[in-house]
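Mind looking at a prediction? Sequence and model below.
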Amino acid sequence: MRLCLDACVLYPTVLRDCLMGLAAAGIMQPCWSERILEEWARAAERNLGPEGELIALGEIALLRATHPDAMVPPDLALEAQLYLPDPADVHVLATAIAGGAEGVLTFNLRDFPRHEMTAHNLHALDPDRYLCDVWADHPDLVAGVCAGVLARMNELRAEVADMRMMLKRARLPKLAKRLAR
């Protein structure tokens, strides 16, 4: 399944690493645009300052290198024809359409109304629900990807987090509940 990843799902490290783990396993093919990546870097700067932006730019460079086929060039003519309640999100919809995606993965479901999405044969997907759906079909794979993310997070931090805490902090409470069983 090809999915357009909104900036709000690329910015959080845990969620991004989980999604890229699924991409590496061939479960999902990501796509994004330069503008989506720029939004991620701006959010990092806004929340963490210049240092946060530099970290984001390094992570963006890594994503570009590991997923060169994910970049979708802008289509301004297409953008001009599209409508969403928040005009600032039209570029995400245009990226999904131009990139041949089946859906947009975003926390901002209200900004991508069902009737607008289905008009373009797309779905807006909540990350927690999407990951739970993948878990239902591939529980060992999702558990392994999340365990790898947890191990990397614990290497980077002095405090040791457990799976449930890490996923809940990443706004993935349903997945946290499933993996804590």
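Thanks, I have the structure now. Numbers count the residues shown, from 1 in each chain.

Please enumerate the strands of this protein.
2-5, 29-31, 103-105, 123-125 (DSSP state E).

and the gap between the nearest residue to residue 166 once chain neighbours are set aside and residue 127?
Once flanking residues are discounted, residue 166 sits nearest to residue 150: 5.5 Å by C-beta to C-beta, 6 or more residues apart in numbering. (Glycine included, C-beta is placed from N, CA and C.) Plainly put, residue 150 is 17 Å away from residue 127 if you go by C-beta to C-beta, to the nearest Å.

Which one of those two is surrounded by more residues?
Taking neighbours as other C-beta atoms under 10 Å, residue 150 and residue 127 compare with residue 127 leading, 23 against 20.

Check what pLDDT the more buried one gets.
Looking at residue 127, its pLDDT reads 98.

wait, what's in contact with it?
By C-beta atoms under 8 Å, 6 or more residues apart in numbering, the residues touching residue 127 are 9, 15, 19, 105-107, 171-172.

from those, which is closest to residue 156?
Taking C-beta to C-beta as the measure, residue 156 lies nearest residue 15 of the contacts of residue 127, at 15.5 Å.

How about the contacts made by that closest one?
Counted by C-beta under 8 Å, 6+ apart, residue 15 has contacts 9, 127, 170-172.

Can you tell me which of those has the most neighbours?
Neighbour-wise, the contacts of residue 15 (other C-beta under 10 Å) top out at residue 9, 28 neighbours.

so that one touches residue 109, yeah?
No. Using C-beta atoms under 8 Å, residue 9 is not in contact with residue 109, being 11.8 Å away.

gap between residue 172 and residue 49?
26 Å.

I meant to write residue 106 there.
Counting by C-beta to C-beta - residue 106 and residue 49 are separated by 25 Å.

Please identify which of the two sits among more neighbours.
residue 106 (22 against 10).
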